[in-house]
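J.: predicted structure and sequence below. I'll ask about it afterward.
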Amino acid sequence: MKVAMIGAGYVGLVSGACFADFGHEVICVDTIDAKIDALNRGEIPIYEPGLDVLVNGNRFAGRLSFTTNLAAAVKGVDAVFIAVGTPTRRGDGHADLSYVYTAAEDIAKAITGYTVIVTKSTVPVGTADEVEAIVRRVRPDGDFSVASNPEFLREGAAIDDFKRPDRVVVGAEDNRAREVMRALYRPLFLNETPIVFTSRRTSELIKYAANAFLATKITFINEIADLCEKTGANVQDVARGIGLDGRIGKKFLNAGPGYGGSCFPKDTIALVRTAQQFGAPVRIVETVVEVNADRKKSMVGKIESACDGSLDGKTVAVLGLTFKPETDDMRDAPSLDIVQGLLDKGATVRAHDPQGMPEAKLLLSNQVIYCDGPYAAVTDADALVIVTEWNVYRALDFDKLRSLMSGRVVVDLRNIYDSDHVAQAGFKYTAIGR
Ligand code: NAD
């Protein structure tokens, strides 16, 4: 089948490459010339494990190409996916749909023959209806359907998530669209992936409900972690004790500095706004948004307490800047609040991240000192803070840390170390909820 993917970012590029790997002929479109030029040279503009091999393999096989020419790309395809950004709209917290609607107008002008227009971006309930109205207005004669196909991939494991998803959700209002979507995802039938067909509005809401639920689960265990600290309980044991209950499940019960990233923060806020607009407020999610924002800020206080109550004049090594490991994505990362908070309290920040530093340099104060590796970052530091649990930070040599650092404080915001081990190595260890 022929597919056009509008938006060659984290979702569009991975989805496009995976559809090509399924055997479809895919063309990815982006408005950023530099991105498309890089892809045409075989360079991958983002860090996602395995993506270079997947993209270039399919590019050489002639199934995957890249262009800035949307009109040419859309002509004659069976399906065109909209995978553009839907960031928080300034001022009111709703999802900014301007990129989606612009893409819809451009697609409308270019379609030839029957085309399924699919929203893959995360969009509020009712957006597919609006896309349909836009396309109908621009092309009263157009032969098309609009479907919703939210994406559930996780950055860092995106290819595997796309190829072996827990489920595929498709919202469609007619059989023609359903048949095209079924054919596109046919390779997944082999491993019996459930394909959940729903109405478009339901499909749109499933995505927000999923992200809000996961954000709630994280926020729940984070508050339980605070209670553990006050009561002398251990949050990791609590998480295991409750997670083994099949009704609760083990995943998303790691206490930490608060959720961040390109999805949970904006999607929880957008759901809150949509729910208020429809007069059915989701008060749990409203609270989750507030608690999480407070939590990210409160981490600085935790680091300050570990440093005997003052950060002024101290040097803090921050390990990990991206919102999670195995990505270069810095959007809404907890490190943004934490690093700025440390600087505000008079600390010098020496930072390292395996993939996030180029992006971090654009987002963080230029006072931050970027270092080549974890040991360079800790040199002469009073305290070491683990913000993101990259594998390279999981087995640090504590003898070496002792010789390089001037202080003895370790703050582990991801609970990756054993307290006894760190204490025996001569450090004052602070973790989350234990
Ligand atoms: P992104 O910012 O990485 O990519 C979006 C791309 O779209 C950019 O490269 C931008 O230049 C391009 N673009 C914007 N307008 C365009 C247009 N008119 N024509 C062509 N290209 C255009 O964003 P992302 O992380 O890939 O997210 C895309 C959508 O998928 C969002 O709605 C997001 O919520 C959702 N989503 C993201 C993830 C994730 O992990 N990143 C997971 C699931 C869903």
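T.: Thanks, I have it.
J.: quick check: longest helix in this structure by residues?
T.: Across the chain, the helix with the greatest residue count (assigned by DSSP state H) is helix 200-231.
J.: residues of the stretch 201-350 of the chain that sit close to the ligand?
T.: For the stretch 201-350 of the chain, the residues in contact with the ligand (C-beta under 6 Å from any ligand atom) are 262-263. Glycine gets a C-beta too; all of them are placed from N, C-alpha and C.
J.: tell me which stretches of the stretch 201-350 of the chain form strands.
T.: Using DSSP state E, counting those that start in this stretch, the strands of the stretch 201-350 of the chain run over residues 315-319, 348-352.
J.: looking at the ones you listed, which is closest to residue 330?
T.: Closest of these to residue 330 is strand 348-352, at 11.7 Å (criterion: C-beta to C-beta).
J.: got the CA positions of the helix or strand following the closest one in CSV?
T.: The element immediately downstream of strand 348-352 (helix or strand, assigned by DSSP states H and E) is helix 357-363. Extracted in CSV, the C-alpha atoms of helix 357-363 (Å, rounded to 0.1, in the frame of the first residue of the first chain):
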residue,chain,number,x,y,z
MET,A,357,23.2,17.7,25.9
PRO,A,358,22.8,19.4,22.4
GLU,A,359,19.1,20.0,23.2
ALA,A,360,19.8,20.8,26.8
LYS,A,361,22.1,23.6,25.7
LEU,A,362,19.2,25.3,23.9
LEU,A,363,16.8,25.0,26.9
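J.: distance from the chain centre to helix 357-363, please.
T.: 17 Å (C-alpha atoms, centre = their mean, to the nearest Å).
J.: pLDDT of the helix or strand following it, averaged?
T.: Using DSSP H and E, the helix or strand that follows helix 357-363 in sequence is strand 369-370. Here strand 369-370 scores 98 as its mean pLDDT.
J.: now do stretch 18-30
T.: On average, stretch 18-30 scores 98.
J.: for stretch 122-132, same thing?
T.: Across stretch 122-132, pLDDT averages out at 98.
J.: swap in stretch 60-68?
T.: 98.
J.: which parts of that stretch count as buried, going by neighbours?
T.: Counting neighbours by 16 or more other C-beta atoms under 10 Å, one finds that the buried residues in stretch 60-68 are 63-67.
J.: once you drop chain neighbours, what's closest to residue 379?
T.: Among residues not flanking residue 379 along the chain, residue 404 sits closest, at 4.9 Å (C-beta to C-beta, 6 or more residues apart in numbering).
J.: so that neighbour touches residue 380, yeah?
T.: Yes. In this structure residue 404 lies within contact range of residue 380 using C-beta atoms under 8 Å: 7.5 Å.
J.: higher neighbour count, these two?
T.: For residue 404 versus residue 380, neighbours defined as other C-beta atoms under 10 Å are more numerous around residue 404 (18 against 12).
J.: need the pLDDT of that one.
T.: pLDDT recorded at residue 404 is 98.
J.: same question for residue 96.
T.: What the model reports for residue 96 is a pLDDT of 98.
J.: next: residue 343.
T.: Turning to residue 343, the model gives it a pLDDT of 98.
J.: check contacts around it.
T.: 349, 365, 367-368 (C-beta atoms under 8 Å, 6 or more residues apart in numbering).
J.: just the buried residues of those residues.
T.: Judged by 16+ other C-beta under 10 Å, buried ones among those: 349, 368.
J.: from the contacts of residue 343, which two are the most distant?
T.: 349 and 365 (8.4 Å).
J.: list residues touching both of those two?
T.: 339, 343.
J.: circling back: any idea which of the strands of the stretch 201-350 of the chain is most buried?
T.: Comparing the strands of the stretch 201-350 of the chain by mean neighbour count (mean count of other C-beta atoms under 10 Å), strand 315-319 comes out on top with a mean of 28.
J.: quick one: strands adjacent to that one?
T.: Sheet pairing of strand 315-319 (DSSP bridges) gives strand 348-352 (parallel), strand 383-386 (parallel).
J.: now those as JSON lines including mean pLDDT?
T.: Output for these, formatted as JSON lines (pLDDT from 0 to 100):
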{"stretch": "strand 348-352", "mean pLDDT": "98"}
{"stretch": "strand 383-386", "mean pLDDT": "98"}
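J.: got a markdown table for the ones you listed, with distance to residue 254 too?
T.: Formatted as a markdown table, the strands paired with strand 315-319 follow (distance: least, C-beta to C-beta, whole Å):
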| stretch | distance to residue 254 |
| --- | --- |
| strand 348-352 | 22 |
| strand 383-386 | 13 |
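J.: and the residue in the stretch 251-400 of the chain that the ligand sits nearest to, how many neighbours?
T.: Among all residues of the stretch 251-400 of the chain, residue 262 sits closest to the ligand, at 4.4 Å; criterion: C-beta to the nearest ligand atom. Counted with other C-beta under 10 Å, residues neighbouring residue 262 total 21.
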